[in-house]
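Participant: compute the structure for the input listed below.
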Amino acid sequence: MTRGRRKKGDEQRPDPATEAYLKGLALVRANPALDSLDASFCRAGCRAVPAHGWALVDSDGCVHVHPTRRAEPAEWAWMLAHCLLHLGFGHVPAARGARVQPDAHDLAARCVVVQRFQQTFPVGRAPEGTPGTFPGGDEEQLAARWRRD
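Facilitator: Next up, the predicted model:
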């Protein structure tokens, strides 16, 4: 098979990872509750996203997205909704200057609460390997239980 040069005027198609991400983002933007949150999305390959992670949201309301991660659009929608729900639940409050960062127990408890909510607020599809059941309790109760156990 030979590869020909693109002719002038041919539209360059985005890579599959970008295409799936953009479709997932469109699914999120179609949800009025999520679209009303004051958030921005960064997919520029910044250091905020762990190498094997999907996305994370910061206290400035920016969702930092892994730039090359491949996933289905429905999985991207679920993951982006997850980040936005953290904003909506007040898990990443805006702060001036340095603030005490939550520990691993707090972070995990917050994700459990968001994931439980996502079971009743379906946007997209949870990525494979995401648990289907979660322990009861609010963020503080869960974090305290996990610190104790």
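Participant: show me where the protein has its strands.
Facilitator: Remark: strands of the chain, listed N- to C-terminal, are 40-42, 55-57, 62-65; assignment by DSSP state E.
Participant: partners of the longest one, with directions?
Facilitator: Spelled out, that is strand 62-65. Listed by DSSP bridges, the sheet partners of strand 62-65 and their directions read strand 40-42 (parallel), strand 55-57 (antiparallel).
Participant: contacting residues around the last one?
Facilitator: Taking contacts as C-beta atoms under 8 Å, 6 or more residues apart in numbering, the residues outside strand 55-57 that touch it are 39, 48-50, 63-66, 79-80, 82-84, 86-87, 92. C-beta: built from backbone N, CA, C; applies to glycine.
Participant: give me the buried entries from these.
Facilitator: When neighbours are counted using 16 or more other C-beta atoms under 10 Å, those contain these buried positions: 39, 48-49, 63-66, 79-80, 82-84, 86-87, 92.
Participant: just give me the least confident of these.
Facilitator: Within the set of those, pLDDT is lowest for residue 48 (84).
Participant: shouldn't that residue be in contact with residue 58?
Facilitator: Yes. Between residue 48 and residue 58 a contact is recorded at 6.7 Å, counting by C-beta atoms under 8 Å.
Participant: which neighbours do those two have in common?
Facilitator: Counting by C-beta under 8 Å, 6+ apart, the contacts common to residue 48 and residue 58 are residue 64.
Participant: ok so, going back, I'd like the strands paired with strand 62-65 laid out as CSV, including mean neighbour count, distance to residue 73 and mean pLDDT.
Facilitator: Supplementary listing: the strands paired with strand 62-65 in CSV, determined by neighbours: other C-beta atoms under 10 Å; distance: least, C-beta to C-beta, whole Å; pLDDT from 0 to 100:
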stretch, mean neighbour count, distance to residue 73, mean pLDDT
strand 40-42, 14, 15, 95
strand 55-57, 20, 14, 94
